[in-house]
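Engineer: missing the sequence, but the structure's below:
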């Protein structure tokens, strides 16, 4: 069974140790997201209108050196006046398979998302054949108009779609709101849209289940599989920003899960990601 991690953050240095960890855990490939840490400066440069245009230098090097092991996504800001050019460049770049929008991180951007101001960049990404990851915890219902407007798009709801587990400051959502089990029904209802998948990551924090092997998550995972199907539930460790959980624990709680079939595990742990974002396995 091939294992592919759908979210691994990278920053300057550490590529060799990353590959060593993947080898030790039996992870053959990973989708990379350039992120230098919460509170750290992120790579990029300031545009005349004040927008910080993010770049992914470490990710691009990693993918260039190891094209069979890494692909990547790029975070975009809809206030970038030339975001369309960035999308076109990504579509032409080896290993760039998706964009990531993060309207769930700031109140102003969440309002802009609700008003439809992300439609242009989503249209550009869909036309370019790029998948669209959306970090919109606790507000997944705002994604429905985009799913309806772009039926040929391939969308992924980040981090179980649940309210965020960690503080983000005064311009972000309420800090550490605690588990909201009832809201997961809203997340599950999104499965009626055939063009959206669910990223199963940070579940330990979102549902406040911190003791390995995290069996308290079973009812939520099984509900997600019943709603979305195994073809649309995508595992990601996001190990570098998963407090209190080791990368191996995040993997093996699913790999050794007694209630999942081998076929379920094969889809959740890699096949679903490859299929959904159009990332073929090496021949």
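Structural biologist: Arrived safely. Note that the structure is predicted; figures quoted are calculated from it, not measured.

Engineer: Would you double-check that residue 49 falls in a helix?
Structural biologist: No - applying DSSP: H, G, I helix; E, B strand; the rest coil, one finds residue 49 to be coil, outside a helix.

Engineer: Not counting sequence-adjacent ones, nearest residue to it?
Structural biologist: Nearest in space to residue 49, with sequence neighbours left out and distances taken as CB to CB, 6 or more residues apart in numbering, is residue 81 at 6.3 Å. For every residue, glycine as well, the C-beta is placed using N, CA and C.

Engineer: and what of residue 113?
Structural biologist: Closest to residue 113 by CB to CB, 6+ apart is residue 103, at 3.7 Å.

Engineer: picking up where we left off before, can you tell me how far the residue nearest to residue 49 is from residue 121?
Structural biologist: 12 Å (CB to CB, to the nearest Å).

Engineer: Tell me the residue in the chain that is farthest from the middle.
Structural biologist: Going by CA atoms, centre = their mean, the residue of the chain most distant from its centre is residue 48, 29.3 Å out.

Engineer: about what we covered before: higher neighbour count, residue 81 and residue 121?
Structural biologist: residue 121 (20 against 11; other CB atoms under 10 Å).

Engineer: check contacts around that one.
Structural biologist: Shown in contact with residue 121 (CB atoms under 8 Å, 6 or more residues apart in numbering): 76, 78, 83-84, 87, 99, 101.

Engineer: quick one, helices of the stretch 101-250 of the chain?
Structural biologist: Under the criterion DSSP state H, counting those that start in this stretch, the stretch 101-250 of the chain carries helices at the ranges 107-114, 119-128, 144-149, 184-189, 203-206, 218-228, 247-255.

Engineer: Format the ones you listed as a markdown table; extra columns: distance to residue 14.
Structural biologist: As requested, the helices of the stretch 101-250 of the chain are exported to a markdown table (distance: least, CB to CB, whole Å):
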| stretch | distance to residue 14 |
| --- | --- |
| helix 107-114 | 29 |
| helix 119-128 | 29 |
| helix 144-149 | 35 |
| helix 184-189 | 33 |
| helix 203-206 | 23 |
| helix 218-228 | 30 |
| helix 247-255 | 13 |
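
Engineer: Deepest in the core, which of the ones you listed is it.
Structural biologist: Highest mean neighbour count among those (mean count of other CB atoms under 10 Å): helix 203-206, with a mean of 24.

Engineer: what is the rounded mean pLDDT of it?
Structural biologist: Per-region confidence: helix 203-206 scores 90 on mean pLDDT.

Engineer: Can we start the residue count at 55 from this point?
Structural biologist: Sure, I'll start counting at 55 from here, so that last one is helix 257-260.

Engineer: So for residue 191, what's the pLDDT?
Structural biologist: pLDDT, residue 191: 87.

Engineer: before we move on, what about residue 151?
Structural biologist: With respect to pLDDT, residue 151 has a value of 98.

Engineer: SS state for it?
Structural biologist: Applying three-state DSSP: residue 151 is strand.

Engineer: you'd agree it is up against residue 334?
Structural biologist: No - taking contacts as CB atoms under 8 Å, residue 151 lies outside contact range of residue 334: 10.6 Å.

Engineer: Settle it for me: which of these two has more neighbours?
Structural biologist: More neighbours surround residue 151 than the other of residue 151 and residue 334, with 23 against 7 (other CB under 10 Å).

Engineer: how about the strands in this structure?
Structural biologist: Ranges of strands in the chain, per DSSP state E, are 58-64, 83-88, 98-100, 106-108, 124-129, 150-155, 185-188, 209-211, 250-254, 287-289.

Engineer: So for residue 301, which of the ones you listed sits nearest?
Structural biologist: Proximity of the strands of the chain to residue 301 was assessed by CB to CB; the nearest stretch is strand 58-64, lying at 8.5 Å.

Engineer: show me where pLDDT drops low in the stretch 205-337 of the chain?
Structural biologist: Scanning the stretch 205-337 of the chain with the threshold set as pLDDT under 70 gives 219-233.

Engineer: that older thread, among the contacts of residue 175, which one sits closest to residue 198?
Structural biologist: Nearest to residue 198 among the contacts of residue 175 is residue 155, at 14.9 Å by CB to CB.

Engineer: Next, count neighbours for the nearest residue to residue 211 once chain neighbours are set aside.
Structural biologist: Computed as CB to CB, 6+ apart, the closest residue to residue 211 that is not its neighbour in sequence is residue 252, at 5.2 Å. Neighbours of residue 252 under the rule other CB under 10 Å: 24.
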